[in-house]
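Visitor: need a structure here:
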Amino acid sequence: MNVRLILLPLAAALGLAMAAPAAADDDKVPYWASIDAEIANLRVGPGDSYKIDWVYRRPHLPVKVLRREGPWRLIQDPDGAKGWMRDLLLSRQRAAMVKDGGLIAMHAEARGGSPTLWRVEPGVVGLLGECKDGWCPFDTDGHKGFVREDQVWGTGAP
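Guide: Prediction:
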């Protein structure tokens, strides 16, 4: 008997078994995501036939995914608005938005005593790195530094 005929189905079965945990992680909600399109429609229900409630024109805007229904995601934006968006318009790329309350400092290092590189105003959106000890790497249009975790929306447990 040809060994390849036996090994191919075995390898395929092993690959499917190993992929199952990753697929299960995708089903867990809530989770953080970001808008991954120049224009993204928020609908009142999970389908193209539902009315468009809001049109986003802000790539990388952080959102919280609250529920899944097929290819649709119930999301919440930083202002608290909720609605349905297609999964193709979202990315697992973490992002954050500076909260209201005035300018915040973006530091050179993840500590308060480090030099301030920039002052960032409320509403600015940037890509977010892994937060540690209350500080997060933050990149807004190539301006990179560290911000305090409590000054941006899109961090912590969703």
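
Visitor: show me the chain divided up by domain.
Guide: Here the domain parsing of the chain from automatic domain parsing is 31-93, 96-153.

Visitor: now those as TSV including mean pLDDT and mean neighbour count?
Guide: Every C-beta, even on glycine, is put in place using the N, C-alpha and C of the backbone. Listed next are the domains of the chain as TSV, based on pLDDT from 0 to 100; neighbours: other CB atoms under 10 Å:
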stretch	mean pLDDT	mean neighbour count
domain 31-93	97	16
domain 96-153	97	16
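
Visitor: where do the helices of the chain begin and end?
Guide: 3-26 (DSSP state H).

Visitor: quick one, what contacts the residue nearest the centre of the chain?
Guide: Centrality entry for the chain: nearest residue to the mean C-alpha point is residue 33, 2.1 Å, by CA atoms, centre = their mean. By CB atoms under 8 Å, 6 or more residues apart in numbering, the contact set of residue 33 is 62-65, 73, 75, 90-93.

Visitor: ok, the closest residue to it other than its chain neighbours to residue 153 distance?
Guide: Here the nearest residue to residue 33 in space, its sequence neighbours aside, is residue 90; by CB to CB, 6 or more residues apart in numbering that works out to 4.5 Å. Look at residue 90 and residue 153: by CB to CB, to the nearest Å, they are 16 Å apart.

Visitor: swap in residue 59?
Guide: 16 Å.

Visitor: next: residue 71.
Guide: Separation of residue 71 from residue 153 (CB to CB): 26 Å.

Visitor: specify the beta-bridge partners of the residue nearest to residue 143 when sequence neighbours are not counted.
Guide: In space, and not counting its chain neighbours, residue 143 is closest to residue 118: 5.7 Å by CB to CB, 6+ apart. Applying DSSP bridges to residue 118 yields these beta-bridge partners: residue 106.

Visitor: list the contacts of residue 118.
Guide: By CB under 8 Å, 6+ apart, the contact list for residue 118 reads 105-106, 143, 145.

Visitor: need those residues in TSV (columns: distance to residue 84).
Guide: Below are the contacts of residue 118 laid out as TSV (distance: CB to CB, whole Å):
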residue	distance to residue 84
105	37
106	34
143	33
145	35
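
Visitor: could you find which two of those are furthest from each other?
Guide: By the measure CB to CB, 105 and 143 form the most distant pair in those, at 12.4 Å.

Visitor: okay, strands next: where are they in this structure?
Guide: Assigned by DSSP state E, the chain shows strands spanning 31-35, 40-43, 52-56, 62-69, 72-76, 82-86, 90-91, 95-98, 104-107, 116-120, 125-128, 135-140, 143-148, 152-153.

Visitor: many thanks, have a good one.
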